Structures are given as C-alpha cells and as structure tokens.
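**Q** turn this into a model:
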Amino acid sequence: MAWLLLIIAGLLEVGWAIGLKYTEGFTRLWPSVFTIGAMVLSVALLGVAMKTLPVGTSYAVWVGVGAVGTAILGMVLFAEPATAGRLASLGLIVAGIVGLKLASA
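**A** As a prediction, the model looks like this:
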C-alpha cells in the first residue's frame, strides 16, 4: 500500500509542477487552487508512505516520478524538445526508480 501511495504522490507532483505553468505566478485563481491542493496532497501522501518505506528511497522515487512525468508532459503539452538525449536521460531516471523498488522489496 505504501508504494501505491508513493506513486500517487509522485503523480500529484507532476500535477502541481504542470499546474505552476497555468497559475501564471499564482495570479489565476482556479489553477492556483488546484496547484496548491496537489502540492499539499502530494507531500501528505509522501509522508504517509515514509511511515513504512525508507526515507531515501521514498524521496528519490517521489522526485523521480515527478521529474519524468513533468518532462514528458512538457514535451506533450508545451512542445518542449524530445531529443534522444532527453529521452535517454529520462530512461535512466526510470531505471533508477525501478532499481530502488527492487532493492527495497
């Protein structure tokens, strides 16, 4: 259950990171409300997951899921470049996340 909460927390991190783009410096109400809500829920779920998972693993996975998801959505939503180097680097992050999961099982 802790791993599921951690993945959801990471996905919420993607939501608030992308949401920041839409807040326009927190000048738009509803994008700002969504972004702040996602931030709070993401950190709360991370904290719950850390009750049973190692802190280093939890934090690294949370950041990794957020980084990979945000980078991919940046490519899809904002036409950021999807170069071979960027995609390979994202693949390395995913490999690190999988490795941490396997090492913590």
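
**Q** and the helix-or-strand element of the chain with minimal mean pLDDT, what does it pack onto?
**A** When the helices and strands of the chain are compared on mean pLDDT, DSSP states H and E, helix 84-104 comes out lowest with a mean of 94. The contact analysis (3 or more CB pairs under 8 Å, 6 or more residues apart in numbering; DSSP states H and E) places helix 84-104 against helix 55-78. In this view, the C-beta of every residue, glycine as well, is placed from N, C-alpha and C.

**Q** need the contact partners of the helix it packs on.
**A** 6-7, 9-11, 13-14, 17-18, 21, 42, 46, 49-50, 80-82, 86, 90, 93-94, 96-97, 100-101, 103-104 (CB atoms under 8 Å, 6 or more residues apart in numbering).

**Q** of these, just the buried ones, PyMOL syntax please.
**A** Of the contacts of helix 55-78, the buried ones can be selected in PyMOL as follows, counting by 16 or more other CB atoms under 10 Å:
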select buried, resi 6+7+9+10+11+13+14+17+18+42+46+49+50+90+93+97+100
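
**Q** what residue lies at the spatial centre of this protein?
**A** The geometric centre of the chain, computed from its C-alpha atoms, lies nearest to Gly66 (CA atoms, centre = their mean), at 1.6 Å.

**Q** nearest spatial neighbour of Gly66, skipping sequence neighbours?
**A** Distance criterion CB to CB, 6 or more residues apart in numbering; nearest residue to Gly66, sequence neighbours excluded, is Glu13 at 3.3 Å.

**Q** who's in contact with that neighbour?
**A** The neighbours of Glu13, taking CB under 8 Å, 6+ apart as the test, are 38, 42, 62-63, 65-66, 69-70.

**Q** ok, 7 Å please
**A** Contact analysis of Glu13 by CB atoms under 7 Å, 6 or more residues apart in numbering lists 42, 62, 65-66.

**Q** those: which two are farthest apart?
**A** Ser42 and Val65 (10.1 Å; CB to CB).

**Q** point out where this structure drops to low pLDDT.
**A** Along the chain, the parts satisfying pLDDT under 70 run over 105.
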